[in-house]
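[1] let's see this in three dimensions:
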Amino acid sequence: RMKATCRLSHLLLKLKTPWQLQRQRCLCCLCLSLLALACAIRMAAADTTVMEEEACRVHKSFGTPAELKKEVLADQAALEVVANARAAIRDILDDKEKRLLVVAGPCSIHDRAAALEYASKLAPLAHELKNELVIVMRTYFEKPRSSVGWQGLINDPHLNDTFDMANGLKLARSLLVDINKLGLPCACEFLDPIVPSYISGVSHCNTLQHAATHC
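    Residues are numbered from 1 along each chain as shown. Presented below is the predicted three-dimensional model:
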C-alpha cells in the first residue's frame, strides 16, 4: 500500500493544466495522509524504542525520548484512555463505528493552566455525549505557519526567543498526561519529525503538517 501510494503521488506530478494542478495538490495531500497513516499503523505494531533513540540522538541538549518518558510517566488510567480512544478512532476510520469523531480545542497552546481549564470543562461534555460522539481535545504545540514570530510551546515555551526545547517537550508531554488523566483523549499536529518520539504513547489522533513554511 505504501508503494502504491508513492507511485500515485509520482503520477500526479505529471498533471499540467491549472485545474489539474489544483486537483494534484489535493490528491497529493491525500496520498501523504494515507502514507502517514500506513506508517503509523505499521510502527504501532513494532518496538520503536531503538528507532526513536537513534533518530533523536543528535539532539543531546534535551536528552532522549526514553529519558523523558521515564521522567514524565503516564499512569495506568492514562494509558487506558489512550488505548480505548485509539481503538475507537480506528473503528471510526474503518467505518466500524457509527459515532462521530470530533476534534475540538485551541489551535495553539501557550498556557498550561488555560489548557487544563479547557480540558476540565470539555471532559464532562465528552463523557455526557460518549454514545454519540468521540470527542478529542486538540492540543497543538507547534506553529507551522509561523515562519516568523513565535514557533509554539515546544520550540519556545517561554515566548521570549530562548528556544528552550528541552523544557518545551517536557511541558507538552506532562500536559498530555494530565489531560489523559481527566479521561480526555488528545490530538496533536506534528511539524518537527523528532517530536512524536517524545510524546508518543499519550497522544491519540495526530496530523502531519505539510506546509513548508520554515524554508
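[2] okay, and residue 122 sits in which element?
    For residue 122, the host element (DSSP states H and E) is helix 112-128.
[3] if you could redo that for residue 87, that was the one I meant.
    Short version, using DSSP H and E: residue 87 is in helix 76-93.
[4] mean confidence score for stretch 117-136?
    Averaging pLDDT along stretch 117-136 gives 94.
[5] in that stretch, which residues are buried?
    Using 16 or more other CB atoms under 10 Å as the test for burial, stretch 117-136 gives 118, 119, 122, 123, 126, 134, 135, 136. The C-beta positions use only the backbone N, C-alpha and C, and glycine is treated the same way.
[6] gap between the closest residue to the fifth one other than its chain neighbours and residue 68?
    For residue 126, ignoring the flanking residues on the chain, the nearest one in space by CB to CB, 6 or more residues apart in numbering is residue 135 at 3.8 Å. The span separating residue 135 from residue 68 equals 27 Å under the rule CB to CB, to the nearest Å.
[7] kindly report the same for residue 179.
    17 Å.
[8] looking at those two, which one has more neighbours?
    Each of residue 179 and residue 68 has its neighbours counted (other CB atoms under 10 Å); residue 179 has more, 26 against 20.
[9] contacting residues for that one?
    Counting by CB atoms under 8 Å, 6 or more residues apart in numbering, residue 179 touches 115, 116, 119, 137, 139, 186.
[10] cool, residue 111 as well?
    Counting by CB under 8 Å, 6+ apart, residue 111 has no contacts.
[11] same question for residue 112.
    So residue 112 contacts 171, 175 (CB under 8 Å, 6+ apart).
[12] if we use 10 Å, what do you get?
    Residues near residue 112 by CB atoms under 10 Å, 6 or more residues apart in numbering: 153, 157, 171, 172, 174, 175, 178.
[13] what of residue 89?
    Applying CB under 10 Å, 6+ apart, the residues contacting residue 89 are 97, 99, 101, 103, 134, 136, 185, 187, 204, 205.
[14] who does the fifth one bridge with?
    Each beta-bridge partner of residue 134 is listed here: residue 101, as defined by DSSP bridges.
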